[in-house]
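Asker: Pasted the sequence and its predicted model underneath.
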Amino acid sequence: MMLKEIPLDSTPPESGRLIYRKISEITENIDPYRKIKKESTEKALSLYPYLKSRVVASNDRLLMAIRIAIAGNVIDFGANWGFDWDTEVADTLEKEFALFDYDKFREKLDTAQKIVYLGDNAGECVFDKILIEEMKKPVVYVVRGAPIINDATRADAVQAGIDKVATIVSSGTDAPGTILDTCSTEFKALFHNSDFIISKGQGNYEALSHTSASRLIFFLLKVKCRVLARNIGVEEGGIVIQAGRDR
């Protein structure tokens, strides 16, 4: 009955917010992915020394750090349960970009005073940490306001060590994406007063890519479904650095 009431034009994060809220009510478990989130972060932390060494050895440290951040985007138990960590990371560190607005990213980073970084999944935070360290700018790292699928909350970000390299804030939403209408007043003020925003993952892309604020955003993600692939205009599995467009 609930599915019938969800508007057909709802974005996946909007639909997911309602569905997973109902699952939590039925199971009486507000964070059913807690164990797997903790395990994902532990696995990611074990890879940190290797990933960091790839940055140090690279001819373009920033680009390699971006690749690593995108490689972490495979850790998504909403879109993809059947991934292999080692294969996916190795593939992302070597493959060609489907969209590559890297020069724009570098140019914007050079003049940015502070970066707002919209996190995505637990475990992925460790990969994000490497990019934050390489950008060498003040960063505000944004997490979900409540548990939803395996998306990162403050506790997940702290476990990953994000608190050592950035200021962690909550978006205030319990959606699997930054749906601005559901975010806190404090976060919306931060968002609209920012001049450089990094958005990780599909959920954030689906929530923000068609808003007027998208011109401020750089989307970093791996495309994990055919619907999004068609929307962006790339092949499924493609990796993306996309500068937001004016709407």
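Answerer: Structure received. Numbers count the residues shown, from 1 in each chain.
Asker: And the strands in this protein, which stretches?
Answerer: Counting by DSSP state E, one finds strands in the chain at the ranges 99-100, 115-118, 139-143, 167-170, 197-200, 217-222, 239-243.
Asker: Among these, which comes closest to residue 125?
Answerer: Nearest to residue 125 among the strands of the chain is strand 139-143 (7.9 Å), distances taken as Cβ to Cβ. For every residue, glycine as well, the C-beta is placed using N, CA and C.
Asker: Who are the packing partners of that closest one?
Answerer: The elements that strand 139-143 packs onto, with contact taken as 3 or more Cβ pairs under 8 Å, 6 or more residues apart in numbering; DSSP states H and E, are strand 115-118, helix 124-135, helix 154-160, strand 167-170.
Asker: And it, what's buried?
Answerer: 139, 140, 141, 142, 143 (16 or more other Cβ atoms under 10 Å).
Asker: Specify the beta-bridge partners of the residue most central in space within the chain.
Answerer: Ranked by distance to the mean C-alpha position of the chain (Cα atoms, centre = their mean), the top residue is residue 200 at 2.6 Å. Counting by DSSP bridges, residue 200 is bridged to residue 220.
Asker: That one is in contact with residue 127, isn't it?
Answerer: No - using Cβ atoms under 8 Å, residue 200 is not in contact with residue 127; the gap is 9.0 Å.
Asker: where do the contact lists of these two overlap?
Answerer: Common neighbours of residue 200 and residue 127 (criterion: Cβ atoms under 8 Å, 6 or more residues apart in numbering): 69, 73.
Asker: so where's this structure uncertain?
Answerer: The chain contains residues with pLDDT under 70 at 1-27, 77-83, 246-247.
Asker: What is the neighbour count of residue 239?
Answerer: Counted with other Cβ atoms under 10 Å, residues neighbouring residue 239 total 23.
Asker: from now on call the first residue 883
Answerer: OK, 883 is where the count begins now, so the last one is residue 1121.
Asker: The helix ranked longest in the chain vs helix 1006-1017, what angle?
Answerer: The single longest helix within the chain, with elements called by DSSP state H, is helix 916-939. Helix 916-939 and helix 1006-1017 meet at an angle of 30 degrees, taking axes from the mean of the first three to the mean of the last three Cα atoms, to 10 degrees as the criterion.
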